[in-house]
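Novice: just the structure for this:
(chains A and B)
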2 protein chains.
Amino acid sequence: MTTLYGYFRSSAAYRVRIALNLKGLDYDQVPVNLVKGEQRGGEHLTRNPQGMVPSLVLDDSSVVNQSLAICEYLDEVHPEPALLPVNALARARVRALAQSVACEIHPLNNLRVLKYLVRELGVDEAAKLAWYRHWITEGFAALEATLSADPSSGDFCHGNTPTLADICLVPQVYNAERFECDLSAYPTIQRIVANCRALPAFEKAAPEAQPDAS
Amino acid sequence: MTTLYGYFRSSAAYRVRIALNLKGLDYDQVPVNLVKGEQRGGEHLTRNPQGMVPSLVLDDSSVVNQSLAICEYLDEVHPEPALLPVNALARARVRALAQSVACEIHPLNNLRVLKYLVRELGVDEAAKLAWYRHWITEGFAALEATLSADPSSGDFCHGNTPTLADICLVPQVYNAERFECDLSAYPTIQRIVANCRALPAFEKAAPEAQPDAS
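Specialist: I've put the predicted structure just below:
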């Protein structure tokens, strides 16, 4: 059985849960508690030397790390339903949307980064929140502009079926809501996320639905 | 003619230059001066609403953004020489290595982030450097562990031809050297980067070889 090592609140693990669910794949979940630092434990480091989640361990014990690499792997090995369009330019658009979350917003608002701000730089709670919201605002404003201007956007980020872009967007919006970011300036993002959340694959992947939710 | 909007010192643009060179593709370069803030100018925002480089503009005026999406696009449209292996698990390994730079190290050490630290958080030069080196150290230690433990590593990050992983690694090492990070603990990274730099595709892509180098 495929096993996902994750954490209910990890955006990156949340992405992989959505992808697994969209593909209709069965998987076990083993929680790695990020708040307790279990990701830095020797056992987890053997499968993920970065000390991060998620890691996907396959039937034959092969390990796949990095959420976007895992999603692309799942898409290559289980092609239906596709997480990327067929056309190369459309694929690039979807990947760019996904990366605009995964490379530009999420890395800055990660737990380890927030901890560094507080512990090493002595940043107070208000400045930490301002940091968090700054990168959400920068990233979502650009994403809203991209999505609303392009007729390729549909019920979802690209057309009328969920893709890798939606898989990244929904966990980022979950995080933004958790940190009480004002999302009223992003109606396209909100509309797409509502459409995603109506699907069982996204619903079942939500942090509050996970066995380790607390 | 394909046109790359970039900046000589942008790691992300550097990645795309390497990919274009490895594919043997001709391209024009238009510099977008990040230090002068040209990426936030109206003209550039129409092609890249995130206000970032690189953007690749194709013959038919289509725009592809986000460096990894651009590299994957180039690999799909111009398959030889391949930037990813054939086997799905190997492809996942290469993508994960690339993302361990592009999602875990680079986003934290971007110019806009360093500016925020200084301007908004009042961080001094020493603390800014410590921040920079901290994420390099964390990221490179994990990458060194991954690369040195896995027999799939060869002359390059994966086997004996350059892949997307090397395309991300070389610009990150360039940045680390620029900020005088001690790289002596990463002999595998150093060996691979030396092999890359011996190839004309990497040499021609180096920041100092670009028309806007200053």
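Novice: tell me the phi and psi of the residue of chain A positioned farthest from its centre?
Specialist: In chain A, counting by C-alpha atoms, centre = their mean, A:Gly122 sits farthest out from the average C-alpha position, at 28.2 Å. Per-residue torsions, A:Gly122: phi 60, psi 30 (degrees, to the nearest 10).
Novice: quick check: it vs B:Asp124, distance?
Specialist: 12 Å (C-beta to C-beta, to the nearest Å). All C-beta atoms are positioned from the backbone trio N, CA, C, and that covers glycine.
Novice: helix, strand or coil for A:Arg17?
Specialist: Following DSSP: H, G, I helix; E, B strand; the rest coil, A:Arg17 is assigned to helix.
Novice: which ones are touching it?
Specialist: A:4, A:6, A:204-205, A:210 (C-beta atoms under 8 Å, 6 or more residues apart in numbering or on different chains).
Novice: chain B: which of these is nearest?
Specialist: Using C-beta to the nearest C-beta, A:Leu4 is the member of these that sits closest to chain B, with 14.4 Å.
Novice: by contact count, what packs against the lowest-mean-pLDDT helix or strand in chain A?
Specialist: When each helix and strand of chain A is scored by mean pLDDT, DSSP states H and E, helix A:42-47 comes last, with a mean of 89. Applying 3 or more C-beta pairs under 8 Å, 6 or more residues apart in numbering or on different chains; DSSP states H and E, one finds that helix A:42-47 contacts strand A:55-57.
Novice: where do the helices sit along chain A?
Specialist: When assigned using DSSP state H, the helices of chain A occupy the ranges A:11-22, A:42-47, A:67-77, A:88-102, A:111-119, A:125-149, A:164-178, A:187-197, A:200-205.
Novice: any idea which of those is most buried?
Specialist: Here the criterion is mean neighbour count by mean count of other C-beta atoms under 10 Å in any protein chain shown, and of the helices of chain A the winner is helix A:11-22, at a mean of 26.
Novice: contact partners of stretch A:188-198?
Specialist: Applying C-beta under 8 Å, 6+ apart, the external contacts of stretch A:188-198 come out as A:140, A:143-144, A:147-148, A:153, A:155-157, A:162, A:166, A:169-170, A:173, A:183, A:202-203, A:206.
Novice: average pLDDT for it?
Specialist: For stretch A:188-198, the mean pLDDT works out to 98.
Novice: sorry, back to before: using JSON lines, lay out the contacts of A:Arg17 together with pLDDT and distance to B:Arg191.
Specialist: Compiled in JSON lines, those are given as follows (pLDDT from 0 to 100; distance: C-beta to C-beta, whole Å):
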{"residue": "A:Leu4", "pLDDT": "98", "distance to B:Arg191": "34"}
{"residue": "A:Gly6", "pLDDT": "97", "distance to B:Arg191": "33"}
{"residue": "A:Lys204", "pLDDT": "98", "distance to B:Arg191": "45"}
{"residue": "A:Ala205", "pLDDT": "98", "distance to B:Arg191": "40"}
{"residue": "A:Gln210", "pLDDT": "97", "distance to B:Arg191": "41"}
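Novice: of those residues, which pair is most distant in space?
Specialist: Using C-beta to C-beta, those span at most 13.5 Å, a distance reached by A:Gly6 and A:Lys204.
Novice: please report how far the nearest residue in space to A:Gln172 that is not next to it in sequence lies from B:Phe8.
Specialist: Nearest non-adjacent residue to A:Gln172, counting by C-beta to C-beta, 6 or more residues apart in numbering or on different chains: A:Val101, 4.9 Å away. Applying C-beta to C-beta, the value for A:Val101 to B:Phe8 is 27 Å.
Novice: likewise for A:Pro54?
Specialist: 36 Å.
Novice: weakest of the helices of chain A in terms of mean pLDDT?
Specialist: Note on the helices of chain A: lowest mean pLDDT is at helix A:42-47, with a mean of 89.
Novice: show me the contact partners of that helix.
Specialist: Helix A:42-47 has contacts (C-beta under 8 Å, 6+ apart) with A:5, A:32, A:38, A:51, A:55, A:57, A:63, A:65.
Novice: in strands, which of the residues you listed appear?
Specialist: Applying DSSP state E to the contacts of helix A:42-47, the entries found in strands are A:5, A:55, A:57, A:63, A:65.
Novice: filter those by proximity to chain B?
Specialist: A:Asn65 (C-beta under 8 Å from any C-beta of the partner chain).
Novice: which single one of the ones in strands among the contacts of helix A:42-47 is nearest to chain B?
Specialist: Distance to chain B, by C-beta to the nearest C-beta, is smallest for A:Asn65 among those, at 4.7 Å.
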